[in-house]
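okay, here's the prediction I keep looking at, along with the sequence it came from:
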Amino acid sequence: MNIPWSEWGEEINEELIKIRRAFHQYPELGYEERKTAERIAVLLKELGLEVETNVAKTGVVALLRGKEPGKTIAIRADMDALPLQEESKKSYRSKVEGKMHACGHDAHITYGIGAAKLLKKYQSHIKGNVKFIFQPAEESVGGAKPMIEEGVLENPKVDAILGGHVWPDTPSGSIEVLNGPVMASTGQIYLEIHGKGGHAARPHENIDPIMIAQEILQRLQTLTSRRIDPLESLVISICSFQSGETYNVMPEKAVLKGTFRTLNNKLRVEIPGKIENIVENITKHYGAAYTLEVTHLYPATINHEGFTDFAKASAEELLGKENVIQGNKPSMAGEDFAFYLEKVPGTFLRIGNYNAEKNLIFNLHNPHFDIDEAQIGRVAALYAKIAMDFLNR
Ligand code: NI
């Protein structure tokens, strides 16, 4: 059947703007999304969906069953905000001191709800199911993994998953798709160098942790320049270096903290060992001891080629070929959508948000960040269309 998705998208836009603003005004941080989850659950129950709450603490999962049995596609949105003071005079700015939806997750929620509303209209024409996953804590410790562990990809088993993120570099009105890596893995480095303190005038009697730490800091950069294939992407950033108190006392200890990121999940696994190797060698040379914790957070987000091509074709039908961009530049930021893509095929779309005329020029996590509200209905229609195309093809 021929569904007028574009018209539906436009028709629903005003209603979705109101919904989005309500979320925007009351941002909640990771695993505190109680009111957000409650509001989502109410809206989806009104539609007659089967709604489950408190999944992985604050997550919400809703199921729309089509008329006939078939495959299941999931649409995922993250719900959490950031500890950031919004700098805006807009009427719908955050009403919570020091918290803000500065990463567009309020929009992501609304796309999901909008898609549910549109798909509900065609429930009797759907072959299979659509599962809506609203997950907590993308910005902090990650809600995707616990959601998966609690079984969101089962009962009914999810065959494909769709997610997206508002994207400041992509023109508003466009969608950008990438095959393969789209977001980097994330990991943390915590290093303590245990030296030997003493008088600054007698360095030979001490073990200087600052000297050792700076040497390690520099040597770590040779991992990216000399130890891995230059065609691979690896970022190591040491963002905290703490040691010492005063002018003439050599301290006992230095602490480094940082992050490492890559687009290659195989390489990711090798990095902690390579880091330890450097730390071990340099500390040994100086006779120092160390404590090193290298922690993996999110894997790299790798879009599946088959589903991505399919979603692209579906998007081109709705938005026109000129508004669907084949991207080729992944981001070194992380995203826990990666965990779903390790289990099922799917794709993570970039939803264009750049519009200089509307002053939508700010990056994610910026206190001036806002989304293009004129596009909400269109994106909801896009999600709905991709879901229905997948189920009914
Ligand atoms: Ni985000």
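Here it is on my side, so go on. All values reported here derive from a predicted model rather than from experimental measurement.

so Pro168 lies in a strand, does it not?
Yes. Pro168 sits within a strand when classified using DSSP: H, G, I helix; E, B strand; the rest coil.

got a pLDDT number for it?
At Pro168, the pLDDT value in this model is 97.

SS state for the residue most central in space within the chain?
Nearest to the geometric centre of the chain sits Glu335, at 2.8 Å (CA atoms, centre = their mean). Of the three states, Glu335 takes coil under three-state DSSP.

could you pull up the residues touching it?
Shown in contact with Glu335 (CB atoms under 8 Å, 6 or more residues apart in numbering): 138, 165, 182-183, 298, 301, 348. No exception for glycine: its C-beta is placed from N, CA and C like everyone else's.

any idea which of those the model trusts least?
Among those, Glu138 has the weakest pLDDT, 94.

once you drop chain neighbours, what's closest to that residue?
Asp78 (3.7 Å; CB to CB, 6 or more residues apart in numbering).

which strands and helices sit next to the host helix or strand of Phe348?
In the assignment (DSSP states H and E), Phe348 maps to strand 346-354. In terms of contacts (3 or more CB pairs under 8 Å, 6 or more residues apart in numbering; DSSP states H and E), strand 346-354 is packed against strand 160-171, strand 175-177, strand 180-183, strand 301-303, helix 305-319.

need those in CSV (columns: distance to Phe23 and mean neighbour count).
Listed next are the helices and strands packed on strand 346-354 as CSV, based on distance: least, CB to CB, whole Å; neighbours: other CB atoms under 10 Å:
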stretch, distance to Phe23, mean neighbour count
strand 160-171, 13, 22
strand 175-177, 22, 23
strand 180-183, 23, 22
strand 301-303, 24, 26
helix 305-319, 24, 19
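
closest to Leu118 out of those?
Taking CB to CB, helix 305-319 is the member of the helices and strands packed on strand 346-354 nearest to Leu118, at 11.7 Å.

the closest one packs against which elements?
Packed against helix 305-319 by the contact rule (3+ CB pairs under 8 Å, 6+ apart) you find strand 175-177, strand 324-326, strand 346-354, helix 376-392.

can you redo these as TSV with distance to Asn366?
Converted to TSV, the helices and strands packed on helix 305-319 look like this (distance: least, CB to CB, whole Å):
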stretch	distance to Asn366
strand 175-177	20
strand 324-326	23
strand 346-354	12
helix 376-392	20
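
nearest to Ile17, out of these?
helix 376-392 (6.3 Å).

average pLDDT across stretch 205-217?
Rounded mean pLDDT across stretch 205-217 is 98.

buried set for that stretch?
In terms of neighbour count (16 or more other CB atoms under 10 Å), stretch 205-217 has its buried residues at 206-217.

other residues contacting it?
Contacts for stretch 205-217 (CB under 8 Å, 6+ apart): 191, 193-199, 238, 241, 243-244, 250-254, 256, 278-279, 282-283, 286-288.

quick one: mark the members of those that sit in strands.
191, 193-194, 198-199, 238, 241, 243, 250, 253-254, 256 (DSSP state E).

write a ChimeraX command that selects only the buried members of those.
In ChimeraX syntax, the buried subset of these is picked out as below (16+ other CB under 10 Å):
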select :191,193,198,238,243,250,253,254,256
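
ok, of the ones in strands among the contacts of stretch 205-217, which one's closest to Ser124?
The closest of the ones in strands among the contacts of stretch 205-217 to Ser124 turns out to be Ile238 (CB to CB; 57.6 Å).

for the closest one, what are its contacts?
By CB under 8 Å, 6+ apart, Ile238 lies in contact with 189, 217, 220, 256-258.

can you tell me how far it is from Leu191?
9 Å (CB to CB, to the nearest Å).

got any residues that touch both of these two?
What both Ile238 and Leu191 touch, as defined by CB under 8 Å, 6+ apart, is the set 256-257.

many thanks, have a good one.
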